[in-house]
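# quick one: sequence and predicted model below, then my questions.
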Amino acid sequence: MSEFDTARLMYLVLLGGAILAWFFAQNRNSLGKLTQQALVWGLIFVGVIAAVGLWGDIRQTVRPTQIVLAQDGRIELPRAMDGHYYLIAEVNGEPIHFVVDTGASEIVLTKEDAQSAGIDTANLAYAGRAYTANGEVRTAPVRLESIAIGPIRDEGVRAVVNEGQMDKSLLGMSYLQRWTSVEIGGGKLVLTR
């Protein structure tokens, strides 16, 4: 603890002591009731302190966020409540939400995400085929000007646009293989360059 933290703690202890002394002085005739009330307030205080202290963990559980650690070329993604890993990457300068999918062989963009990234989906040739859990879908090959996750940027990346309906774009193996290592464990996915 720093000097500042120690001083704040001492101030809070003195303030709490003064409040307790005032309560006892005011209610010395009914100490049983006072003890009961003090216990309730003490439990409320401990609960608030615990919630404040654990807020980071609570928030991460309710709404996991992407953590980009740029200093050593690592990206850590927490596992979402549904068991998937989600990532926000800039495609051609536009933020796109991806599901990291080791079962997908390529980067697969939804039509909506492709349009957001500046790709004219009306003039694409959907000549490719992909086999998904929902059956066969047609795809169109595209080349992305850039894809960036935090400070890590790749240019001229191949991808496909899915003609069918998808909830989110997929970040598949063709992109994941650009990383030195891909590790999954301890409730997180770590990409290292």
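Yes, it's here. For clarity, every value in this text was computed on a predicted model and none was experimentally measured. Numbers count the residues shown, from 1 in each chain.
# now do the top strand by length along the chain: everything it contacts.
For the chain, the longest strand by residue count, based on DSSP state E, is strand 135-149. For strand 135-149, the external contacting residues (Cβ atoms under 8 Å, 6 or more residues apart in numbering) are 68, 75, 87-93, 107-109, 114, 117, 119, 121, 124-130, 153-164, 175, 191. All C-beta atoms are positioned from the backbone trio N, CA, C, and that covers glycine.
# and the angle from the helix or strand just after it to strand 135-149?
Next helix or strand after strand 135-149 toward the C-terminus (DSSP states H and E): strand 152-162. Here strand 152-162 points in a direction 160 degrees away from that of strand 135-149 (axes from the mean of the first three to the mean of the last three Cα atoms, to 10 degrees).
# partners of strand 152-162, with directions?
The pairing partners recorded for strand 152-162 under DSSP bridges are strand 108-109 (parallel), strand 135-149 (antiparallel).
# a markdown table please, covering those strands and showing mean pLDDT, mean neighbour count and distance to Gly32.
Output for those, formatted as a markdown table (pLDDT from 0 to 100; neighbours: other Cβ atoms under 10 Å; distance: least, Cβ to Cβ, whole Å):
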| stretch | mean pLDDT | mean neighbour count | distance to Gly32 |
| --- | --- | --- | --- |
| strand 108-109 | 94 | 27 | 69 |
| strand 135-149 | 90 | 16 | 62 |
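# same list (those strands) but as CSV, adding distance to Lys168.
Below are those laid out as CSV (distance: least, Cβ to Cβ, whole Å):
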stretch, distance to Lys168
strand 108-109, 10
strand 135-149, 15
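# out of the ones you listed, nearest to Ile19?
Relative to Ile19, the nearest member of the strands paired with strand 152-162 by Cβ to Cβ is strand 135-149, separated by 50.2 Å.
# do you know the pLDDT at the residue of the chain most remote from its centre?
In the chain, the residue that sits farthest from the middle, by Cα atoms, centre = their mean, is Asn29; the gap is 54.5 Å. Asn29 carries a pLDDT value of 75.
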